[in-house]
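Participant: sequence and predicted model, in that order:
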Amino acid sequence: MISNSGQKTSDRFYSLWKFSRPHTIIGTTLSVLGLYILGLALVPTFTEFFHPISWLATTIACLCGNVYIVGLNQIEDIAIDKINKPHLPLASGEFSVRTGWMIVGVTGILALVIAWLQGVFLLGVVSSSLLIGTAYSLPPIRLKRFPLYAALCIFVVRGIIVNLGIFQHFRWIFSHQLVVDIPPEVWMLTGFMILFGLVIALLKDIPDMAGDKQYHIRTFTIQLGAPFVLNLALSVLAIGYLSIALASWFWLPHINPIFASFTHLSVLGIMYWRSMSVDLSHPASVAKFYQFIWKLFFIEYLLFPLACLLKY
């Protein structure tokens, strides 16, 4: 039997879990893990100085930064979320605005302190991500009002800053040498994640059309229409999967081409098969497909590093 106080505590933790936007927490955790595995596969000194504490500290710093960014966005979007995402803690009243600000403040400070203790590269990753996340949500800049800038914010952070910055952070931690020559496999993963960031930025607005229209948020979905945006997103991801399948044979020397091409072409086929069941007239159907795209994002941070490990 659960006591009343125990129930309240579990409810608060569940609200905090929803406030952190679980799909972004899982994505951030796997991206740090994937880049760590990629370092093990590509940089020989990683294996000599295997140190899981640095991986754990990096993960915690990035997760705190993640909560800061998504929390700040919820604080500024309470009215819109009451229409689009009424289950979120601030929109539903489970959390007060003051509680939201406390969580955002604590996680933002923790992210910066832990990153500073880990080194200059991680501090650069976290501070630049927090800065962009703040400009994305907070008035008077509030870049999310402009679809092009909103998309830029997401794929610059998820694509460029996270992948290049965290890989260089791990390289610096274990070799203490500043090396500017980045392996082509890291460039390939970065390029693909830029495309993924663009797709996430495009698709996330389709189920939110009602609230965005009411509050005059001019997203690509409202300007171009949901069918066009969905087909554009699928085409962008198809280019990414085909590029990795081809590059694994001709451009990436430290990757297993059979594993890389087979897995990525398989995922591409599954993506198109799954897209055939999307009903654009039902926000729930679109939201479900959007979560499916996040799962593909998660899987990529396992498939690509594993393809590099299997080379040896």
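Facilitator: Looks like it arrived, so ask away. Numbers count the residues shown, from 1 in each chain.
Participant: the bottom helix or strand of this protein by mean pLDDT?
Facilitator: helix 44-48 (a mean of 58; mean pLDDT, DSSP states H and E).
Participant: so which bits of whichever helix or strand comes after it are buried?
Facilitator: Next helix or strand after helix 44-48 toward the C-terminus (DSSP states H and E): helix 52-76. By 16 or more other CB atoms under 10 Å, the buried positions in helix 52-76 come out as 54-55, 57-76. All C-beta atoms are positioned from the backbone trio N, CA, C, and that covers glycine.
Participant: can you check stretch 273-284 too?
Facilitator: For stretch 273-284, by 16+ other CB under 10 Å, it's 275, 278, 280, 283.
Participant: which parts of this protein belong to which domain?
Facilitator: 17-177, 183-311 (the TED database).
Participant: the ones you listed into JSON lines, with extra columns for distance to residue 11?
Facilitator: Shown next, in JSON lines, are the domains of the chain (distance: least, CB to CB, whole Å):
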{"stretch": "domain 17-177", "distance to residue 11": "8"}
{"stretch": "domain 183-311", "distance to residue 11": "23"}
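Participant: between these, which one is nearest to residue 8?
Facilitator: Of all the domains of the chain, it is domain 17-177 that lies closest to residue 8, at 11.2 Å by CB to CB.
Participant: chain center to that closest one, what's the gap?
Facilitator: 8 Å (CA atoms, centre = their mean, to the nearest Å).
Participant: grab the nearest non-local neighbour of residue 200.
Facilitator: residue 154 (6.1 Å; CB to CB, 6 or more residues apart in numbering).
Participant: figure out the helix or strand that that neighbour lives in.
Facilitator: Applying DSSP H and E, one finds residue 154 within helix 147-155.
Participant: same thing with residue 211?
Facilitator: helix 209-214.
Participant: CA atoms of the helix or strand that comes right after that helix as PDB?
Facilitator: Using DSSP H and E, the helix or strand that follows helix 209-214 towards the C-terminus is helix 220-224. The C-alpha coordinates for helix 220-224 follow below in PDB (Å, rounded to 0.1, in the frame of the first residue of the first chain):
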ATOM      1  CA  PHE A 220       6.700  25.800 -41.800                       C
ATOM      2  CA  THR A 221       3.700  23.500 -41.400                       C
ATOM      3  CA  ILE A 222       1.300  26.500 -41.300                       C
ATOM      4  CA  GLN A 223       3.000  28.200 -44.300                       C
ATOM      5  CA  LEU A 224       3.600  25.100 -46.500                       C
END
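Participant: quick check: buried residues in helix 220-224?
Facilitator: 220-222.
Participant: any idea which of the residues you listed is the one closest to residue 203?
Facilitator: Closest to residue 203, out of all of these and judged by CB to CB, is residue 221, at 8.6 Å.
Participant: right, and the closest one touches residue 207 too?
Facilitator: No - the pair residue 221 and residue 207 does not pass the contact test of CB atoms under 8 Å, sitting 9.0 Å apart.
Participant: isn't the residue nearest to residue 200 right up against residue 201?
Facilitator: Yes - using CB under 8 Å, residue 154 is in contact with residue 201, at 4.3 Å.
Participant: what packs against the helix or strand where residue 122 lies?
Facilitator: Element membership for residue 122 (DSSP H and E) is helix 120-137. In terms of contacts (3 or more CB pairs under 8 Å, 6 or more residues apart in numbering; DSSP states H and E), helix 120-137 is packed against helix 52-76, helix 97-118, helix 147-155, helix 162-175.
Participant: may I have the second one exported as PDB, CA atoms only?
Facilitator: Right, helix 97-118. Output in PDB follows, covering the C-alpha atoms of helix 97-118 (Å, rounded to 0.1, in the frame of the first residue of the first chain):
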ATOM      1  CA  VAL A  97       5.500  28.800 -12.600                       C
ATOM      2  CA  ARG A  98       7.800  29.400  -9.600                       C
ATOM      3  CA  THR A  99       8.600  25.600  -9.500                       C
ATOM      4  CA  GLY A 100       9.400  25.700 -13.200                       C
ATOM      5  CA  TRP A 101      11.800  28.600 -12.700                       C
ATOM      6  CA  MET A 102      13.500  26.800  -9.800                       C
ATOM      7  CA  ILE A 103      14.100  23.600 -11.800                       C
ATOM      8  CA  VAL A 104      15.300  25.600 -14.800                       C
ATOM      9  CA  GLY A 105      17.700  27.700 -12.600                       C
ATOM     10  CA  VAL A 106      19.100  24.700 -10.700                       C
ATOM     11  CA  THR A 107      19.700  22.600 -13.800                       C
ATOM     12  CA  GLY A 108      21.200  25.400 -15.700                       C
ATOM     13  CA  ILE A 109      23.700  26.200 -12.900                       C
ATOM     14  CA  LEU A 110      24.500  22.500 -12.400                       C
ATOM     15  CA  ALA A 111      25.100  22.000 -16.200                       C
ATOM     16  CA  LEU A 112      27.600  24.900 -16.300                       C
ATOM     17  CA  VAL A 113      29.500  23.900 -13.100                       C
ATOM     18  CA  ILE A 114      29.900  20.200 -14.100                       C
ATOM     19  CA  ALA A 115      30.900  21.100 -17.600                       C
ATOM     20  CA  TRP A 116      33.500  23.600 -16.300                       C
ATOM     21  CA  LEU A 117      34.900  20.900 -14.000                       C
ATOM     22  CA  GLN A 118      35.200  18.500 -17.000                       C
END
